[in-house]
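K.L.:
Structure of the sequence below:
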Amino acid sequence: MKGLAYLTQTLGTWLIVGVLGILPLFFLPLTQDFYDTPKWFLLVSLSLVLTLIWTVRSLVTQTVTVSRSPAADRMAAMELASLLSLAFASTNRVEALLTPYGAGTWISLALLFLVGETFLSQKSRTMLQTVIVSGASILGVLAVYQFFGLGKVMAPTLSFLADPRFTPTGTLIGLATVLALTLPLALDSAFHNVRHQKDIAFSLCVVAAVLILGGFVATVWQLLPMLPATLLPLSSGWAITLEALKTGKQVLVGVGAENFLSAFTRGRPVALNNTLLWNIRFTANSSLLLHIVTTYGLVGLAGMVFLLRSFLVPFRASPVALGKLLAILIIFVVQPQFVALILITAILLIDNADDPGIVSFHVKQSHRHHRVWTTLFYFLGLLCIASTGVALYLVGRAYGAERSFYQALEAAQRGEGKPTYELHVTAISGNPFVARFHIGASATSLALAQTLAKPAESTASGMSSTDRQIATQLVQQSIDEAKIAVNLSPTSVIS
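P.N.:
Residues are numbered from 1 along each chain as shown. Modelled structure (predicted):
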């Protein structure tokens, strides 16, 4: 049993360090969105697998260990705010769970603190910091290469490197925030190695800091001319937030995590029509704070204020403290970036070593009637394993549906009607609660009906009875799928 307990402890530690460390670099060209979607699924999968490992460790050791640190409690407050909005504001709860800033994200981040922090020691936090800094230095090098066009020259077979703005983070804004947040971590590692007289490690940290700084400068140089045509101004974001919170219920719980585009369409200032942003639909507000208030209302604002205290209390003068101050600034004034939210969480985990708040509960020592408690303990443990397994299965189905939908879009671009139709059906069967899947199926069915009708228009005999029947069925299916999309997202501006 001791060997299994050690194995679960080691596995949990390496999962946190490895996955959180590579997330800023992680992207997969297998779904409609190459960047945030894979990162989101990896984050959620990490939290669920950690919960599974934590449950096994608890059953083996007959001890329940959780983190009750201030950061864990404050992340739980954001989780509660997201769940209240999910219950009382969201019109499509599945889509609300699957959005990057929806309840699924905050539940996962809360689990990272509640159970994930029990796997972390001071040494593993240092390892996490080292992996993150190493990943950021790679991003810095890639940013410089892309800035000078070297990526295309060095890897001409990779088409995405032809875009000078390509970055694994997804956007230049996301890249700039990641590099800005990790530079203090690199400096902190350098100072730590100087104090412990580790000259080689110090030199490597200095090199990493230089690469990160160089990448940041190159990114900002590219980004500055693009800002007027890419960023939603804070004044417009504030106006959208005020418009969204006019009714009583929305003041409390917002419009719902999946409904920001509708809120943007209703509340966008008329002045935007006179700018370069006149034809852009924004799926997130001008800052993370404004986005949370718009989608979660006052409960979201309370959760964010509570969470922001984690960056200020306790406050110790150090490079990591500078990173935490930068995180606050980013939350207030920078367009929401999912990769930045993950990195901010990692910084809180790294800097929480002095107050992890680990609480343990041993079953056999809990009560003189320990047999009853032991039976209940094992029952709840097995229930947790079963629930986590079901959640992992559903997350896998959701990812498979996203993959099938993207394959349908690719088949449509190639003009392959039948595969497009079949892949839309596969996507809907995998996750029937996503409105855009039904919208895609509706458009495909209508296009196939029109394809059948075109040859008939050029002939005197017209359509055969079989083709007419198939075309009629396709048109009816197109109508049915459109109705389903409207019912799933009645407030959506695209359904």
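K.L.:
Check which helices and strands the one helix or strand A302 maps to is in contact with.
P.N.:
Using DSSP states H and E, A302 falls within helix 288-312. Contacts defined by 3 or more C-beta pairs under 8 Å, 6 or more residues apart in numbering; DSSP states H and E place helix 288-312 against helix 70-88, helix 234-244, helix 248-253, helix 260-267, helix 319-333, helix 338-350. Placement of C-beta: from N, CA and C, glycine included.
K.L.:
ok, 10 Å please
P.N.:
Under the contact definition 3 or more C-beta pairs under 10 Å, 6 or more residues apart in numbering; DSSP states H and E, helix 288-312 sits against helix 70-88, helix 103-114, helix 234-244, helix 248-253, helix 260-267, helix 319-333, helix 338-350.
K.L.:
Switch those over to TSV; also include distance to E422 and mean neighbour count.
P.N.:
Output for those, formatted as TSV (distance: least, C-beta to C-beta, whole Å; neighbours: other C-beta atoms under 10 Å):
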stretch	distance to E422	mean neighbour count
helix 70-88	33	21
helix 103-114	28	25
helix 234-244	39	20
helix 248-253	39	16
helix 260-267	29	20
helix 319-333	43	18
helix 338-350	31	24
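K.L.:
Of those helices, which is nearest V363?
P.N.:
helix 103-114 (18.9 Å; C-beta to C-beta).
K.L.:
now the angle from the closest one to helix 338-350?
P.N.:
20 degrees (axes from the mean of the first three to the mean of the last three C-alpha atoms, to 10 degrees).
K.L.:
Quick check: what element follows the helix ranked longest in the chain along the chain?
P.N.:
Counting residues, the longest helix found in the chain (DSSP state H) is helix 370-413. Per DSSP H and E, helix 370-413 leads on to helix 417-430 as the next helix or strand towards the C-terminus.
K.L.:
tell me what that next one is packed against?
P.N.:
helix 370-413, helix 435-457, helix 465-488.
K.L.:
Any buried residues in the helix or strand encompassing V94, and which?
P.N.:
Element membership for V94 (DSSP H and E) is helix 93-98. Using 16 or more other C-beta atoms under 10 Å as the test for burial, helix 93-98 gives 93-98.
K.L.:
wait, which of those residues is closest to V66?
P.N.:
The closest of the buried residues of helix 93-98, once distances to V66 are taken by C-beta to C-beta, is L97, at 23.4 Å.
K.L.:
ok so, going back, a markdown table for the buried residues of helix 93-98, including pLDDT?
P.N.:
Converted to a markdown table, the buried residues of helix 93-98 look like this (pLDDT from 0 to 100):
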| residue | pLDDT |
| --- | --- |
| R93 | 94 |
| V94 | 95 |
| E95 | 94 |
| A96 | 94 |
| L97 | 95 |
| L98 | 94 |
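K.L.:
How far off centre is the helix holding V94?
P.N.:
12 Å (C-alpha atoms, centre = their mean, to the nearest Å).
K.L.:
can you pull the contacts of P419?
P.N.:
For P419, the contact set (C-beta atoms under 10 Å, 6 or more residues apart in numbering) comprises 407-408, 410-412.
K.L.:
no, scratch that, I was asking about N92
P.N.:
Contacts of N92 by C-beta under 10 Å, 6+ apart are 98-99, 256-259, 433-435, 487-492, 495.
K.L.:
of the contacts of P419, buried ones?
P.N.:
By 16+ other C-beta under 10 Å, the contacts of P419 give 407-408, 411-412 as buried.
K.L.:
wait, isn't T10 in contact with F119?
P.N.:
Yes: using C-beta atoms under 10 Å, T10 is in contact with F119, at 8.7 Å.
K.L.:
Find residues that contact each of these two.
P.N.:
I53.
K.L.:
Of those two, which one has the most company?
P.N.:
Neighbours of T10 and F119, each counted by other C-beta atoms under 10 Å, are more numerous for F119; the result is 24 against 13.
K.L.:
How about the more buried one, nearest residue that isn't a chain neighbour?
P.N.:
G12 (3.6 Å; C-beta to C-beta, 6 or more residues apart in numbering).
K.L.:
pLDDT at the one you found, what is it?
P.N.:
According to the per-residue confidence, G12 scores 94 in pLDDT.
K.L.:
right, and it touches T65 too?
P.N.:
No: using C-beta under 10 Å, G12 is not in contact with T65; the gap is 11.1 Å.
K.L.:
So for those two, which residue has more residues nearby?
P.N.:
Set G12 next to T65 and count neighbours by other C-beta under 10 Å: G12 wins out with 24 against 17.
K.L.:
so that one, which of the three states?
P.N.:
Assigned state for G12: helix (three-state reduction, DSSP: H, G, I helix; E, B strand; the rest coil).
K.L.:
returning to that earlier point: next, give me the two most distant ones among the buried residues of helix 93-98.
P.N.:
R93 and L98, at 9.8 Å, using C-beta to C-beta across these.
K.L.:
Tell me if A257 really is in a helix.
P.N.:
No: if the criterion is three-state DSSP, then A257 is coil and not within a helix.
K.L.:
Quick check: it vs A427, distance?
P.N.:
As judged by C-beta to C-beta, to the nearest Å, A257 and A427 stand 21 Å apart.
K.L.:
Which of the two has more residues huddled nearby?
P.N.:
A257 (31 against 26).
K.L.:
Give the residue spans of the stretch 301-450 of the chain that score low on pLDDT.
P.N.:
By pLDDT under 70, the low-scoring segments of the stretch 301-450 of the chain are 314-315, 317, 353-356, 364-370.
K.L.:
about what we covered before: run through the residues that contact the residue nearest to F119.
P.N.:
By C-beta under 10 Å, 6+ apart, the neighbours of G12 are 49-54, 56-57, 115-116, 118-120, 124.
K.L.:
got it, and T491?
P.N.:
90-92, 255-256, 258-259, 261-263, 265-266.
K.L.:
7 Å instead?
P.N.:
91, 259, 262 (C-beta atoms under 7 Å, 6 or more residues apart in numbering).
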